[in-house]
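Trainee: just coords:
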């Protein structure tokens, strides 16, 4: 609409306001969590889990190795373990872990066990073999071990036993092994 007649209109030059004043202040974006922190935490957790798994694997291997490796640390220990595998468990594979390589002289002991097995069948009983104190006679890298084998059985309700003295010769290479066994006469 035009101004009324006769009125004076004063004209003021138009001024522009600077754009900063007209525009509402810019909203600052929400701060983002730095992704580096999450990555660092995940890296530390993954590293710790890897170290834990590796450590557990090593411990597991060492425990398994110790449990399955036969003890051949001393002459009396190797003879005791050999007799347990040979007479008690009757496990020739396990017993062979305790003998010398290259043909040990254990034939008389094998004949004794074969005779005991035959008697078990004949008398329908179980023959047990036990041993007492093992006496060692060391001689450098060789050692003789003397012991008494007690062979017993229950036949027709009567306990029968026989005692035999045996000498086992052992030898040390990387560990102790049984090389021969003979009854002492």
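Mentor: Perfect, thanks for sending it. Worth saying up front: this structure is predicted, and the values here are computed from it rather than measured.

Trainee: Which parts of the lengthiest helix in the chain count as buried, going by neighbours?
Mentor: Taking DSSP state H as the criterion, the chain has its longest helix at helix 35-68. For helix 35-68, a neighbour-count test (16 or more other CB atoms under 10 Å) marks nothing as buried. Yep, even glycine has a C-beta here, placed from its N, CA and C like the rest.

Trainee: Quick check: mean pLDDT of that helix?
Mentor: Mean pLDDT, computed over helix 35-68, is 84.

Trainee: again with stretch 124-133
Mentor: Here the average pLDDT along stretch 124-133 is 94.

Trainee: returning to what we had before: helices or strands next to the longest helix of the chain in the packing?
Mentor: If you count contacts as 3 or more CB pairs under 8 Å, 6 or more residues apart in numbering; DSSP states H and E, helix 35-68 packs onto no helix or strand.

Trainee: How about residues contacting the helix or strand just after that helix?
Mentor: Using DSSP states H and E, the helix or strand that directly follows helix 35-68 along the chain is helix 75-83. Applying CB atoms under 8 Å, 6 or more residues apart in numbering, the contact partners of helix 75-83 are 70-72, 95, 98-99, 129, 131, 134, 136, 138, 143, 145, 147, 149, 168, 170, 172, 175-178.

Trainee: Now the buried members of those residues.
Mentor: The neighbour-count test (16+ other CB under 10 Å) marks 72, 95, 98-99, 129, 131, 134, 143, 145, 147, 149, 168, 170, 172, 176-178 as buried among the contacts of helix 75-83.
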